[in-house]
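Asker: Generate coordinates for the sequence data below:
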Amino acid sequence: MLKLIKPVSVVQGFARYGYPDNLTLVIGLLELSCTVVYAIPRTAVLGAILLTGYLGGATATNVRVGDPSYFMTVLLGVLAWIGLYLRDDRLRALIFPRS
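Answerer: I've put the predicted structure just below:
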């Protein structure tokens, strides 16, 4: 969410990753939107899919520049799905159907 207020560290990070700093607001709003969709129970599955895509892009960016912190973005994606699995009976039934 720091992307919305653009502190110096975010601007430097965008430069390091090769993104223009005028994209900080757009990317920050995209991240916030995905998170809000994930937080609403009726749209949580869609939110998890969107967050997975968002975090996949972050992972690809980290790998491209050789930043070992890509592990964290992968972990956040996995945790999003674990959280959804734990709170949604329909997802548990889909993954482990009972006979």
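
Asker: list the buried ones in the helix or strand in which Ile82 is found?
Answerer: Mapping Ile82 onto the secondary structure by DSSP states H and E places it in helix 70-87. By neighbour count with 16 or more other CB atoms under 10 Å, helix 70-87 contains the buried residues 70, 73, 77, 80, 84. Backbone N, C-alpha and C define where each C-beta goes, glycine included.

Asker: Just the CA atoms of the biggest helix by length in the chain, as CSV, please.
Answerer: The helix that spans the most residues within the chain, counting by DSSP state H, is helix 44-65. Taking Å, rounded to 0.1, in the frame of the first residue of the first chain, the C-alpha atoms of helix 44-65 are listed here in CSV:
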residue,chain,number,x,y,z
ALA,A,44,-12.9,-14.3,-2.4
VAL,A,45,-12.1,-16.9,-5.0
LEU,A,46,-11.9,-14.3,-7.8
GLY,A,47,-9.8,-12.2,-5.4
ALA,A,48,-7.4,-15.1,-4.8
ILE,A,49,-7.1,-15.6,-8.6
LEU,A,50,-6.4,-11.9,-9.1
LEU,A,51,-3.9,-11.8,-6.2
THR,A,52,-2.1,-14.9,-7.7
GLY,A,53,-1.8,-13.1,-11.0
TYR,A,54,-0.6,-9.9,-9.3
LEU,A,55,2.0,-11.8,-7.2
GLY,A,56,3.0,-13.8,-10.2
GLY,A,57,4.0,-10.6,-11.9
ALA,A,58,5.9,-9.5,-8.8
THR,A,59,7.7,-12.8,-8.7
ALA,A,60,8.6,-12.6,-12.4
THR,A,61,10.0,-9.0,-11.9
ASN,A,62,12.1,-10.1,-8.9
VAL,A,63,13.5,-13.1,-10.8
ARG,A,64,14.2,-10.9,-13.9
VAL,A,65,16.4,-8.6,-11.9
